[in-house]
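>>> Next comes the sequence, and after it the predicted model I'd like to discuss.
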Amino acid sequence: MLDARLVSDRLPDFRTALTRRSAAAGASLDRVAVLSEQRRALIQRTEARQAERNAANQAMAKLAKGDPAEFAAKREELKRLSEEVKALEVELAALLAEMDQLLLTVPNVPDASVPDGASEADNVVVRTVGERPAFDFEPKEHWALGQELGILDFERAAKLSGARFSVLSGAGARLERALASYMLDLQTLQHGYTEVSGPLLVKAEALLGTGQLPKFEEDLFRTQRRVAEEDNQADQGALYLLPTAEVSLTNLHAGEVLEASELPLAYTAYTPCFRSEAGSYGKDIRGLIRQHQFGKVELVRVVSPEGSLEQLELLTSHAEAVLKGLGLHYRVSALCAGDLGFAAVKTYDIEVWLPGQGAYREISSCSLCGDFQARRAKIRFRSAPKAKPELVHTLNGSGLAVGRTLVAVLEQYQQADGSVRVPEVLQERLGTDVLRPG
RNA sequence: GGAGAGGUGACCGAGUGGCCGAAGGUGCAUGAUUGGAAAUCAUGUGUACGGGCAACCGUACCGAGGGUUCGAAUCCCUCCCUCUCCGCCA
């Protein structure tokens, strides 16, 4: 969420910056500006009356022991004043609520270094790493390889759960586990992340903190609670399936004031992620690329505002380290303003080469969110022991999406006979250096 | 699922209608004392919003929301959370 006061003080700057995302994003500020002017005036009016009422009530306390007739008269008078104050308070609360609701739907402002552009097509490749593997045969897609190897089964998954679910078995399940475990070890042992294992069901509040709610409810799976019938508050306590561990890791410190010495905090978690993604049907129907449930190792950093852009470079390098370790060819793109996620100030997508598809596909997305999430989740820190609390900056990135990594390993390491070599760093965990069909 | 207890500042803990943003203690900070430290003493020590160049002033906040009242941390209602015991359970 943006700072309401900053927005109203520097409206043109914010509008210009948000318009880089889209015209609609820029226009969303107009109403904010109007409301914030009203807010200031109404606060002043309300507080003046409150002060008046408080003073009168003070006098009343002293009067209480004295003249009963005067007391009664004063009481009538105060009753009117009190009602007036209450009306103002209601009006103010409504105004503040409207403003908050509105601000919660306004996306973050792109950093100056983010390239212009409207869509994916305008993203800028900043580096390409490793060699594109060469094949003297027609490389297959991962779903074909997986099914021939007998480790990937979509029909049986559909039997259980419908479309967009998968079953990995045997070496497939083991490969998934080996990948996740390799990633976690790398991030914790080499890069200093603290591993976390937490809830997979989270409250709406947490999703509001990181920005999935209120705008993107349709992408989420919401659970239902069995509650007493006739209870129209059934939805109040509803829990959502975690769409990404970014939510739980970032919200770990929601509402807290941290000490500067605790920063930066670095967390990682391997969790399943659940996404409904209404409207995505038709894209990537086959295979593991787009699933309702997928495993992901997430990286989250909570840092002080200064130097947070460098922290994004660092986080991105941590995600890349996984691909380098696995010997996978990939490239890194800076997302253009129009393709940036809701909460992001700046984002690098890491795209791995999938020879079967003949395309680079996103395998990690690393974002700096500035103070946008921190303001929503109320995560602050003190730069010095006595200093006022300030908002932290948050970053998140996949390190990496495990399912898509498995896809990349299958496709990049495939051989003419349908077998798949096992990347060196996984051989010990898997107990083999090659997966064979049959 | 059943029974009970409770949610107050960084922490402990008092407070049953006005003098309570909140006693007392601990912690922390600054100062005094000391060769230095401990102990002791003094002072200070929440957040947000509004006004002001500033010192500062005002308003709100005692789990959340609503109600009663001229006035609520205090009384009433609803919800959330925590703890204890029993049941069930990986």
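Looks like it came in fine. Residues are numbered from 1 along each chain as shown, chains lettered A, B, ... in the order given.
>>> Surely residue A:310 forms part of a strand?
No. Residue A:310 is assigned helix when assessed by DSSP: H, G, I helix; E, B strand; the rest coil, not a strand.
>>> Any idea how many residues pack against it?
Using other CB atoms under 10 Å, residue A:310 has 11 neighbouring residues. The way it works is simple: take the backbone N, C-alpha and C, and place the C-beta from them, glycine included.
>>> what does residue A:198 give?
Residue A:198 has 15 nearby residues by other CB under 10 Å.
>>> Kindly report the same for residue A:216.
17.
>>> Now do the SS call for the closest residue to it other than its chain neighbours.
Spatial nearest neighbour of residue A:216, chain neighbours left out: residue A:342 (7.3 Å); criterion: CB to CB, 6 or more residues apart in numbering. Three-state assignment for residue A:342 (three-state DSSP): coil.
>>> residues contacting residue A:342?
A:107, A:108, A:211, A:215, A:216 (CB atoms under 8 Å, 6 or more residues apart in numbering).
>>> residue of the stretch 301-438 of chain A with the smallest distance to RNA strand B?
residue A:389 (5.0 Å; CB to the nearest atom of the strand).
>>> ok, which stretches of chain A are helices?
A:4-9, A:11-19, A:23-27, A:29-63, A:68-103, A:142-149, A:154-161, A:171-185, A:204-210, A:245-251, A:308-326, A:372-377, A:402-412, A:424-430 (DSSP state H).
>>> weakest of those helices by average pLDDT?
The minimum mean pLDDT among the helices of chain A belongs to helix A:4-9 (a mean of 82).
>>> Output the contacting helices and strands for that helix.
helix A:29-63, helix A:68-103 (3 or more CB pairs under 8 Å, 6 or more residues apart in numbering; DSSP states H and E).
>>> Relative to residue A:183, which of these is closest?
helix A:68-103 (35.8 Å; CB to CB).
>>> Select only the buried ones of the contacts of residue A:342 in PyMOL?
This is the PyMOL syntax for the buried subset of those, where burial follows 16 or more other CB atoms under 10 Å:
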select buried, chain A and resi 107+108+211+216
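>>> tell me the two of the contacts of residue A:342 that are most distant?
Longest span within the contacts of residue A:342, CB to CB: A:108 and A:216, 14.0 Å.
>>> distance of the residue nearest to residue A:216 from residue A:380?
Counting by CB to CB, to the nearest Å, the gap from residue A:342 to residue A:380 is 22 Å.
>>> With residue A:143 instead?
Taken as CB to CB, the span from residue A:143 to residue A:380 is 47 Å.
>>> which parts of stretch A:314-328 are buried?
A:314-316, A:318-323, A:325-328.
>>> what residues does that stretch touch?
A:129-130, A:182-183, A:186-187, A:190-191, A:193, A:297, A:299, A:301, A:330, A:332, A:348, A:350, A:352-353, A:363-364, A:366, A:395-400, A:405, A:408-409, A:412, A:423-426.
>>> ok so, going back, in a markdown table: the helices of chain A, plus distance to RNA strand B.
Supplementary listing: these in a markdown table, determined by distance: least, CB to the nearest atom of the strand, whole Å:
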| stretch | distance to RNA strand B |
| --- | --- |
| helix A:4-9 | 5 |
| helix A:11-19 | 15 |
| helix A:23-27 | 23 |
| helix A:29-63 | 3 |
| helix A:68-103 | 3 |
| helix A:142-149 | 30 |
| helix A:154-161 | 21 |
| helix A:171-185 | 19 |
| helix A:204-210 | 10 |
| helix A:245-251 | 15 |
| helix A:308-326 | 19 |
| helix A:372-377 | 10 |
| helix A:402-412 | 23 |
| helix A:424-430 | 25 |
